[in-house]
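Peer 1: Turn this into a model:
(2 chains)
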Amino acid sequence: MSTTTLDTPAAATDKAPAAPARRVRRRGERSTAASVLTHGILIVASLIALFPIAWLIFLSLGPDKDDYLHPGRILDTASLSNYSFVLQHTNFFKWLGSTLIVSLGTTVIGVLFAATTGYAVSRMRFPGYRKFMWILLVTQMFPVAVLMVPMYEILSELGLIDSYGGLILIYCTTAVPYCAWLLKGYFDTIPIEIDEAGRVDGLSPFGTFVRLILPLARPGLAVAAFYTCITAWGEVAFASVFLLDDTKYTFAVGLQSFISEHDAQRHYMAAAAVLIAVPISALFYLVQKNLVTGLTAGGTKG
Amino acid sequence: MTVAVESAASKSRGDRGPRTGPLQRMKRSYQKYWYAYAMIAPVAVVLGVLVLYPLVRGFYLTLTDADSLNSARTIGVNHIDATYQFIGLDNYADILWGPTSYDRFWSHFIWTIVWTALCVTFHYVIGLGLALLLNQKMRGRTFYRMLLILPWAVPTFVTVFSWRFMLADSGVINSMLGSLHLPQPQWLEDTFFQRFAAIMVNTWCGVPFMMVSLLGGLQSIDASLYEAAEMDGATPWQRFRHVTLPGLRAVSSTVVLLGVIWTFNQFAIIFLLFGGTAPEADILVTWAYQLGFGQQPREYAESATYGVLLLSILIVFTSVYRRWLARNEQLAV
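Peer 2: I've put the predicted structure just below:
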């Protein structure tokens, strides 16, 4: 296909990308068939990605709890009554409050810790550095089962069962190591000369970090914050065990309570699920531009 | 990259003052390390108190016969002291070799391995395929990307419930299959289809992460490499095999490792999809949770034993994986 390139004299290689384009298709250009195929696959994939969520929204409009079995009926009877019921007659706003406290608390504390850690491991090679990175990685793989029982005991001794503080601390233990890893990768991309310039101008090491590096690392911090927030927002296992009072439930636990009762109120549950998903998904799309850079910076450089 | 930063860092510290005696250098290095340690101290403390201590405590629990009936607890104003006893390695022996250990451990173990392998493979292959498609210049690229990361944007516990509605006996998926005159399996009751459904839902949830990470990796591959390959007459397949895949190796090795760890420990999907009604479809994590918190009396010791076993499996896997990577000199840590 491109062998024509080899036939052209060496002098032509300077403008090689342009020259063979006349005869060979330029890279990035595709035949119509390939283009249709690409769009076809992407459309199917997008539909698969979209369908369960669209279906949930559709079901949330049906006023009867068994409407999910008879979707045809929803078309005639669609209304927002489920939403008004969920907002007025359930603990929805209490759950929202708990979820916000827990996820924002985790985000603030978690990102703060992760940033200092990430900076330290990015800039210094202190004794124990490798071991520390290894520990950060190992904490990533703790199954909930190994820590849940002892954590339950410790928290109940500390009187932190059924409290937001306990849950925030626990979420930090899972979020911080990953974020530190991610931020280390991001700090690595910031030239060390900036630190040096700060030090020359008389900033303390902490001053350099807070006043120079943190502002530069804002995209990375956004990704870390987002990751922490969505982890805390959606965590199920610990929240199910450590929260007892149904006014303190986070959404992940509260949503289950719609069907764990004898009467499965699926229509209310669908409406609540949609309401829960909206703010966090909006947040997701706000930071998703930084997502690729942030994740790969953490990913490629470990 | 890491190496470059390291040398730059040490050089900059070295250049700050004239090199004098070893005493001064030691002092300076102490100052440097003091600073580093101060920065990681909060994390070290939190991890120590909330991860390492529970880990040690959890390991101790596995050597006892603790359950919710003999643990320390407070009922009203009465405090009852713990009465569980040290029984050595009996829990491990019982789980691994005891009677009915196949039903209690090995069947879940095999299913967990199958689950992890299949899910990560699907995540990676589908994610890579979509990333390759999205990496081309074309109309509507951003739009597709926005739609494709939707399963990641919406919290898992929300989407799993949606899947539960769809997979119900006469839910929308079976209606569709019915209108196509295909068999309508009982997704949430029959063991095989429960497993099938769990893998399907997890694949749906996990692909966007892989796709986004790999897309980032693809975009960081130098375009001149493709041009050079094209000049040398490489076919598209050869370009993929010899330029794209090696270029992605660093990202791939990390995301596959994370994917294995996350899938192995995936709790929410199976727990919420079946709500504890499907012991056959429980992977080890959800099974351990059922033992520890989903039944009465709560078997704390047994649950913790499963946890320790799980952790050992993962540590062994990760060590082997990292050693294998290190031999290929790929992981930057």
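
Peer 1: So which other helices or strands are in contact with the one helix or strand B:Ile110 maps to?
Peer 2: Using DSSP states H and E, the element containing B:Ile110 is helix B:107-134. Helix B:107-134 makes packing contacts with helix A:32-59, helix B:141-148, helix B:191-219, helix B:245-264, helix B:284-293 when contacts are defined by 3 or more Cβ pairs under 8 Å, 6 or more residues apart in numbering or on different chains; DSSP states H and E. For glycine as for every other residue, the C-beta is placed from the backbone atoms N, C-alpha and C.

Peer 1: tell me how far the longest one is from the chain's mean position?
Peer 2: Centroid displacement of helix B:191-219 relative to its chain, using Cα atoms, centre = their mean, to the nearest Å, is 12 Å.

Peer 1: quick one: the following helix or strand past it to helix B:245-264, angle?
Peer 2: Remark: after helix B:191-219, the chain's next helix or strand is helix B:223-231, criterion DSSP H and E. Orientation check (axes from the mean of the first three to the mean of the last three Cα atoms, to 10 degrees): helix B:223-231 against helix B:245-264 gives 120 degrees.

Peer 1: May I see the buried residues of helix B:223-231?
Peer 2: B:226, B:229-231 (16 or more other Cβ atoms under 10 Å in any protein chain shown).

Peer 1: in terms of contact count, name the helices or strands touching it.
Peer 2: Using 3+ Cβ pairs under 8 Å, 6+ apart: helix B:223-231 touches helix A:3-7, helix B:236-239.

Peer 1: mean pLDDT for these: which is lowest?
Peer 2: Here these differ in mean pLDDT, and the lowest is helix A:3-7 at a mean of 41.

Peer 1: What residue spans form the domains of chain A?
Peer 2: Residue ranges for the domains of chain A, per automatic domain parsing: A:3-81, A:85-301.

Peer 1: Just name the most buried of these.
Peer 2: Of the domains of chain A, the one with the most neighbours on average (mean count of other Cβ atoms under 10 Å in any protein chain shown) is domain A:85-301, at a mean of 20.

Peer 1: Now that one: average pLDDT?
Peer 2: So the average pLDDT for domain A:85-301 ends up being 80.

Peer 1: ditto for stretch B:60-75
Peer 2: 75.

Peer 1: Which positions in it come out as buried?
Peer 2: Buried residues in stretch B:60-75 (16+ other Cβ under 10 Å): B:61-67, B:70-71.

Peer 1: re earlier: present the buried residues of helix B:223-231 as TSV; the columns should include distance to B:Cys119.
Peer 2: Putting the buried residues of helix B:223-231 into TSV (distance: Cβ to Cβ, whole Å) gives the following:
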residue	distance to B:Cys119
B:Tyr226	31
B:Ala229	33
B:Glu230	35
B:Met231	40
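
Peer 1: Taking those residues, tell me the two that lie furthest apart.
Peer 2: Farthest-apart pair in the buried residues of helix B:223-231 is B:Tyr226 and B:Met231; separation 9.7 Å (Cβ to Cβ).

Peer 1: Closest to the mean position in the chain, which residue would that be?
Peer 2: Answering for chain A, as no chain was given. Nearest residue to the geometric centre of chain A (Cα atoms, centre = their mean): A:Tyr227, 3.7 Å.

Peer 1: that's the other chain; I wanted chain B
Peer 2: Mean-position check on chain B, Cα atoms, centre = their mean. Result B:Trp262 at 1.2 Å.

Peer 1: For that residue, give me its contacts.
Peer 2: B:Gly206 (Cβ atoms under 8 Å, 6 or more residues apart in numbering or on different chains).

Peer 1: Pick out the residue of chain A closest to chain B.
Peer 2: A:Val146 (2.9 Å; Cβ to the nearest Cβ).

Peer 1: Now do the helix or strand hosting that residue against helix B:284-293: the angle between them, please.
Peer 2: Using DSSP H and E, A:Val146 sits in helix A:144-158. Compare the direction of helix A:144-158 with that of helix B:284-293 by the same axes, to 10 degrees and you get 30 degrees.

Peer 1: which other helices and strands contact helix A:144-158?
Peer 2: helix A:164-188, helix A:237-242, helix B:53-62, helix B:284-293, helix B:300-327.

Peer 1: The residue of chain A closest to chain B - nearest residue in space that isn't next to it in sequence?
Peer 2: With Cβ to Cβ, 6 or more residues apart in numbering or on different chains as the criterion, A:Val146 has its nearest non-adjacent residue at 2.9 Å, and that residue is B:Gly307.

Peer 1: pLDDT at that neighbour, what is it?
Peer 2: 85.

Peer 1: circling back to that earlier point, format the domains of chain A as TSV; extra columns: distance to B:Leu258.
Peer 2: Listed next are the domains of chain A as TSV, based on distance: least, Cβ to Cβ, whole Å:
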stretch	distance to B:Leu258
domain A:3-81	21
domain A:85-301	7
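
Peer 1: Can you check which of these gets nearest to B:Pro185?
Peer 2: domain A:3-81 (16.5 Å).

Peer 1: and A:Arg218, how far is that from B:Met138?
Peer 2: A:Arg218 sits 31 Å away from B:Met138, going by Cβ to Cβ, to the nearest Å.
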